[in-house]
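A.B. asks: Next input, structure requested:
(one chain, ligands or ions: 2)
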Amino acid sequence: MNVADTEVVFSILGKHGYERTDEMSQADVILVNTCSVRDNAEQRIYGRLEQFNTHRKARPGVLVGVLGCMAERLKESLLESGKVDIVAGPDAYRSLPLMLQNAAPGMPQINVLLSREETYAEIVPVRLDTNGVSAFISIMRGCNNVCSYCVVPYTRGAERSRDFHTIVREACDCAQKGYKEVTLLGQNVDSYSFQDCNFARLLAMVAEACPGVRVRFSTSNPQDISDEVLQVMASHANICHQIHLPVQSGSDRMLEKMRRRYTREWYLQRVDAIRRYMPDCAISTDVIAGFCSETEEDHALTLSLFEQVRFDSSFMFQYSERPGTLAARKYPDDVSPAVKTRRLEEIIALQNKLSLESNRADMGKTFEVLVEGPSKRNPSDLCGRTGTGKMCVWPDTGHKAGDFVQVEVVDCTQATLLCKLV
Ligand code: SAH
Ligand code: SF4
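C.D. replies: Ligands and ions are numbered 1, 2, ... in the order given. Got it, this is the predicted structure:
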């Protein structure tokens, strides 16, 4: 989401004569887009601000700005350090050129107004991706859920959906520019709603408008993912069979406390539905270890849910209390750091085993892979992903980024399918 937002910022600034540089020492303006979802994300930004301040001191006139969720959460207090000239929340990017114009030493500028309408709908993002294969398309902003642990609704504001005409236009524009994959982004894509268009219809429209382009999306909320969406996925060859379905916990007691509006039973039924429509669909998840009052039984239920679903991959986190959230106000953060770490490690160990098993089950199968370019680990190999999102590598066959090739899986690690060209 932040990559997509940064592309919007580049577009807005580009229209006002700013150019991008990869050399910090060349920059007149240094902006950092931020995440507040866990404390360690914020701590990393403080480190970066120190680094930027060295440049700011070395070259008088350099402006440093904090964008995004930290700007929204911390507001004026970010200015106290004296290291920041611009503070702009996620809905304030159109005002950046003016803020940059007005900012000067001792004259910091701040705009953290949240909007009920802003979707940057007509702005054509300037893509950061350099291999020109895969593009993000933001379809909605904000979130109307109030999961008790989560800061997103406070930093990104209320949910709003972007006009579908502009989404389809952006997807077609990507296709025309040679992109081969688009990922539709929202905190809760299944609640997309613009006029009479829901997410299932939007997905079908994008897939039909760009037949040569793979379509992905993220994130689905288990409470909202509909059979209609699954039917659209199953009936369009270019929609990838991969669903990111964050579960957060396998214990109903925790789910209720987290204010997730589904039960373990409901989640498992949704997984069954996905596999009924698409037996080959990859399913990934997010999980939080050590949420308030979590017991060993709750944790065991998370592990057993992982065993039951057999996720292909997961993003796994320790609970990090976020100031101002319902959980921070209501529930003590009472699972000790050592216990959180141990539980997280147990989940990671289990997921590693499941990922390896999932990859082993693909051995001998043939997949269509979108070539991304040389493999990072071994430049004489090529790499690319299957529709199910798995990374494949194979000896260089002279193909270019953006080509579709058929590969057969001959071996695997927990993270990668080792292949040969068919
Ligand atoms: N909208 C998405 C999630 C966005 S945040 C959804 O509802 O599924 C991405 C992930 O960060 C969440 O799924 C959750 O697992 C994790 N997360 C959010 N707040 C957290 C917190 N306070 N501590 C630890 N992890 C958190
Ligand atoms: Fe946060 Fe819940 Fe909204 Fe996801 S759905 S962004 S976890 S409040």
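A.B. asks: now residue 306: how far from residue 213?
C.D. replies: 33 Å (C-beta to C-beta, to the nearest Å). Any C-beta I mention is one placed from the backbone N, CA and C, and that applies to glycine too.
A.B. asks: How about residue 393?
C.D. replies: Residue 393 is 23 Å from residue 213, by C-beta to C-beta.
A.B. asks: likewise residue 6?
C.D. replies: Taking C-beta to C-beta, one finds residue 6 at 22 Å from residue 213.
A.B. asks: next one: residue 26
C.D. replies: Taking C-beta to C-beta, one finds residue 26 at 35 Å from residue 213.
A.B. asks: same check, this time on residue 356
C.D. replies: 31 Å.
A.B. asks: And for residue 328, nearest residue in space, chain neighbours not counted?
C.D. replies: Computed as C-beta to C-beta, 6 or more residues apart in numbering, the closest residue to residue 328 that is not its neighbour in sequence is residue 321, at 5.1 Å.
A.B. asks: Report the secondary structure state of the one you found.
C.D. replies: Look at residue 321: counting by DSSP: H, G, I helix; E, B strand; the rest coil, its state is coil.
A.B. asks: Average pLDDT for stretch 17-27, rounded please.
C.D. replies: For stretch 17-27, the mean pLDDT works out to 93.
A.B. asks: Could I get the pLDDT score of the residue of the stretch 301-422 of the chain found nearest ligand 2?
C.D. replies: As assessed by C-beta to the nearest ligand atom, ligand 2 sits closest to residue 325 within the stretch 301-422 of the chain, at 8.9 Å. Looking at residue 325, its pLDDT reads 98.
A.B. asks: now the helices for the stretch 151-300 of the chain?
C.D. replies: 152-156, 164-176, 199-209, 227-235, 252-257, 264-277, 296-309 (DSSP state H, counting those that start in this stretch).
A.B. asks: Columns mean neighbour count and distance to ligand 1 on top of these, output as TSV?
C.D. replies: Putting the helices of the stretch 151-300 of the chain into TSV (neighbours: other C-beta atoms under 10 Å; distance: least, C-beta to the nearest ligand atom, whole Å) gives the following:
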stretch	mean neighbour count	distance to ligand 1
helix 152-156	21	6
helix 164-176	18	19
helix 199-209	20	14
helix 227-235	18	15
helix 252-257	19	12
helix 264-277	17	12
helix 296-309	17	12
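A.B. asks: right, and the ones you listed - which one's nearest ligand 2?
C.D. replies: helix 152-156 (3.6 Å).
A.B. asks: With just CA atoms, put that closest one into PDB.
C.D. replies: What follows is helix 152-156, C-alpha atoms only, in PDB (Å, rounded to 0.1, in the frame of the first residue of the first chain):
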ATOM      1  CA  VAL A 152      -5.100   1.600  10.500                       C
ATOM      2  CA  PRO A 153      -8.600   3.000  10.900                       C
ATOM      3  CA  TYR A 154      -7.100   5.900  12.900                       C
ATOM      4  CA  THR A 155      -4.200   6.600  10.600                       C
ATOM      5  CA  ARG A 156      -6.000   6.000   7.200                       C
END
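A.B. asks: which outside residues touch it?
C.D. replies: 36-37, 68-70, 72-73, 89-90, 114, 141-146, 187, 324-325 (C-beta atoms under 8 Å, 6 or more residues apart in numbering).
A.B. asks: swap in stretch 169-180?
C.D. replies: 124-125, 132-135, 137, 182, 206, 209-210, 212-215, 370, 402, 404.
A.B. asks: Quick check on the residues you listed: which are buried?
C.D. replies: 125, 133-135, 137, 182, 206, 210, 213-215, 370, 402 (16 or more other C-beta atoms under 10 Å).
A.B. asks: Out of the residues you listed, which two sit at the greatest distance?
C.D. replies: Using C-beta to C-beta, the pair of the buried ones among the contacts of stretch 169-180 lying farthest apart is 125 and 370, separated by 20.3 Å.
A.B. asks: quick one on the thing from earlier: same list (the helices of the stretch 151-300 of the chain) but as TSV, adding distance to residue 284 and mean pLDDT.
C.D. replies: Shown next, in TSV, are the helices of the stretch 151-300 of the chain (distance: least, C-beta to C-beta, whole Å; pLDDT from 0 to 100):
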stretch	distance to residue 284	mean pLDDT
helix 152-156	19	97
helix 164-176	23	97
helix 199-209	18	98
helix 227-235	15	98
helix 252-257	18	98
helix 264-277	12	98
helix 296-309	10	98
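A.B. asks: Now render those as CSV, adding distance to residue 379.
C.D. replies: Shown next, in CSV, are the helices of the stretch 151-300 of the chain (distance: least, C-beta to C-beta, whole Å):
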stretch, distance to residue 379
helix 152-156, 38
helix 164-176, 27
helix 199-209, 34
helix 227-235, 35
helix 252-257, 45
helix 264-277, 37
helix 296-309, 35
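A.B. asks: between those, which one is nearest to residue 96?
C.D. replies: Per C-beta to C-beta, nearest to residue 96 of these: helix 152-156, 17.2 Å.
A.B. asks: So which bits of this protein are right by ligand 2?
C.D. replies: 143, 145-147, 150, 152-153, 187-188, 221 (C-beta under 6 Å from any ligand atom).
A.B. asks: which residues touch residue 257?
C.D. replies: Residue 257 neighbours (C-beta under 8 Å, 6+ apart): 148, 291-293, 327, 331.
A.B. asks: Got a quick PyMOL command for the buried subset of the residues you listed?
C.D. replies: Buried members of the contacts of residue 257, defined by 16+ other C-beta under 10 Å, are picked up in PyMOL with:
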select buried, resi 148+291+292+327+331
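A.B. asks: Can you name the two of the contacts of residue 257 that sit furthest apart?
C.D. replies: 148 and 293 (11.8 Å).
A.B. asks: what residues are shared contacts of the two?
C.D. replies: Joint contacts of residue 148 and residue 293 (C-beta under 8 Å, 6+ apart) are 257, 331.
A.B. asks: Any stretches of this structure with poor pLDDT?
C.D. replies: Judged by pLDDT under 70, the chain has no weakly predicted residues.
A.B. asks: Are the lengthiest helix in it and ligand 1 in contact anywhere?
C.D. replies: Assignment by DSSP state H gives helix 337-360 as the longest helix of the chain. No. For helix 337-360, no contact with ligand 1 is found by C-beta under 6 Å from any ligand atom; the gap never falls below 9.7 Å.
A.B. asks: Can you name the residues in contact with that helix?
C.D. replies: 282, 287, 289-290, 294, 299, 302-303, 306-307, 310-314, 316-319, 335, 390, 409, 412-417.
A.B. asks: what do you get for stretch 194-207?
C.D. replies: Contacts of stretch 194-207 (C-beta under 8 Å, 6+ apart): 139, 161-164, 167-168, 171, 182, 184, 189-193, 215, 217, 226, 228-229, 231-233, 236, 238-239.
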